[in-house]
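K.L.:
The following block contains a protein sequence and its predicted model.
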Amino acid sequence: MIPACRLVDLPRGEAHRLDIDPPVSVFHTDDGELFAIDDTCTHQDASLADGWLEGCEVECPLHASKFDLKTGAVDAPPARLPVRTHEVFVEDGMIYVRLSTAAPNLPPCVAARLAGGVA
């Protein structure tokens, strides 16, 4: 379990990025739901936390790919691969993330950097 932030510090309609490798972001929807997904767009190296949140979908700020926060599925290209989703829960006012054990879908430049190669 990774502590993300206090629930009161994450307003509805906002995201909080966890600076881990690879980064993960927690989204608090306007409806009050919490979701966590890998923060990096699977198309190119861009932070989804910097994107636009609408309903249960986030739009990448770089090329407008859209991802479903519930499933991680791509809702609009140019991305073709989904992002991983992670379990989110709140305990004593703190948001926690339990990371998925699935392999992340990262763009080649990010995957190379994390593997110790040149990006």
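P.N.:
Perfect, I can see it now.
K.L.:
Which secondary structure element of this protein has the lowest mean pLDDT?
P.N.:
Least confident helix or strand of the chain, by mean pLDDT, DSSP states H and E, is helix 108-114 with a mean of 76.
K.L.:
The longest strand anywhere in the chain: what's the following helix or strand?
P.N.:
Identified as the longest strand of the chain according to DSSP state E is strand 85-91. Downstream of strand 85-91, the first helix or strand assigned by DSSP states H and E is strand 94-98.
K.L.:
pLDDT weak spots in this protein?
P.N.:
Applying pLDDT under 70 to the predicted model, the residue ranges of the chain that meet it are 117-119.
K.L.:
can you give me the strands in the protein?
P.N.:
If DSSP E is used as the criterion, the strands of the chain fall at 2-6, 14-18, 24-28, 34-38, 52-54, 57-59, 66-68, 74-76, 85-91, 94-98.
K.L.:
May I see those strands arranged in JSON lines, with distance to Leu114 and mean neighbour count as well?
P.N.:
From N, CA and C alone the C-beta is placed, and that goes for glycine too. Formatted as JSON lines, the strands of the chain follow (distance: least, C-beta to C-beta, whole Å; neighbours: other C-beta atoms under 10 Å):
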{"stretch": "strand 2-6", "distance to Leu114": "17", "mean neighbour count": "15"}
{"stretch": "strand 14-18", "distance to Leu114": "15", "mean neighbour count": "18"}
{"stretch": "strand 24-28", "distance to Leu114": "13", "mean neighbour count": "25"}
{"stretch": "strand 34-38", "distance to Leu114": "12", "mean neighbour count": "24"}
{"stretch": "strand 52-54", "distance to Leu114": "26", "mean neighbour count": "15"}
{"stretch": "strand 57-59", "distance to Leu114": "22", "mean neighbour count": "21"}
{"stretch": "strand 66-68", "distance to Leu114": "20", "mean neighbour count": "21"}
{"stretch": "strand 74-76", "distance to Leu114": "21", "mean neighbour count": "16"}
{"stretch": "strand 85-91", "distance to Leu114": "17", "mean neighbour count": "15"}
{"stretch": "strand 94-98", "distance to Leu114": "18", "mean neighbour count": "17"}
